[in-house]
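Asker: Based on what follows, work out the 3D shape:
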Amino acid sequence: MNLPSLKNKALVYAALVSFLFSSTFVRGECSIEDSPADLSFTLQDVAGNDVLLSDYLGKVIILDFWATWCAPCRIEIPGFIELLDQYESQGFAVLGVSIDDTVESLELYMEEMEMDYPVLVGAGRNDVFDTYGPLVGFPTTYMIDRAGNICEKHIGFSAKEQFEMELLELL
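Answerer: A predicted model of the protein is given here:
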């Protein structure tokens, strides 16, 4: 057995495990002092309407940064739609912020995916990305409680069941 080779494999394995756990789910504390979400931004939706994030204060929010070219985003979106359909009446909202797509491509994508929640145009909004970033992977999704605190941050794909578990804790 080649010892340096085994050591390298162990390092690669440790790095992979670390990456998987750090990039898919990061548990945050839900306190105003530690993790307030900046909801002071106004973004336009695909119809050109202004959407003020602070209008959603008082609801549990999934704030999802995504792109039409992102395969994991495509997998997550149907789960967000299902969760919204099930829990909207209990004070839950989903806001999708497209990071770089044109309004035309977003309209087609929203129709194809049957997205029924606000899709906000993030292209050119470095102020928003700087506040919620760095956005190092997509999707990057925040779970925000009714008081406006970031309670969870997901980088990369997370299952609908994971979001639902977190959502139920906050409703």
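
Asker: Helices along the protein, start to end?
Answerer: 3-24, 71-87, 103-113, 126-132, 160-170 (DSSP state H).

Asker: contacts for the fourth one?
Answerer: Put plainly, it is helix 126-132. Asp38, Phe41, Leu43, Leu63, Phe65, Val97, Ile99, Gly122, Leu135, Thr140, Tyr142 (CB atoms under 8 Å, 6 or more residues apart in numbering). (Each C-beta comes from the backbone N, C-alpha and C, glycine too.)

Asker: Tally up the residues packed near the first one, please.
Answerer: What that stands for is Asp38. 13 (other CB atoms under 10 Å).

Asker: how near is the residue nearest to Phe138 when sequence neighbours are not counted to Met110?
Answerer: Excluding its sequence neighbours, the residue lying closest to Phe138 (CB to CB, 6 or more residues apart in numbering) is Cys70, at 4.5 Å. From Cys70 across to Met110, the span is 15 Å (CB to CB, to the nearest Å).

Asker: quick revisit: out of the helices of the chain, point me to the one whose mean pLDDT is lowest.
Answerer: Ranked on mean pLDDT, the bottom entry among the helices of the chain is helix 3-24, at a mean of 40.

Asker: returning to that earlier point: quick one: which of the contacts of helix 126-132 is nearest Gly156?
Answerer: Thr140 (8.2 Å; CB to CB).

Asker: Count residues in the vicinity of the closest one, would you?
Answerer: Thr140: 23 neighbours (other CB under 10 Å).

Asker: ok, what's across the strand from the residue lying closest to it once chain neighbours are set aside?
Answerer: The shortest distance from Thr140 to any non-neighbouring residue, by CB to CB, 6+ apart, is to Phe65 (4.5 Å). With DSSP bridges as the criterion, Phe65 is bridged to Val97, Thr140.

Asker: can you pull the contacts of Phe65?
Answerer: Val97, Ile99, Gly122, Phe129, Tyr132, Leu135, Phe138, Pro139, Thr140, Thr141.

Asker: so what's it scoring on pLDDT?
Answerer: What the model reports for Phe65 is a pLDDT of 95.
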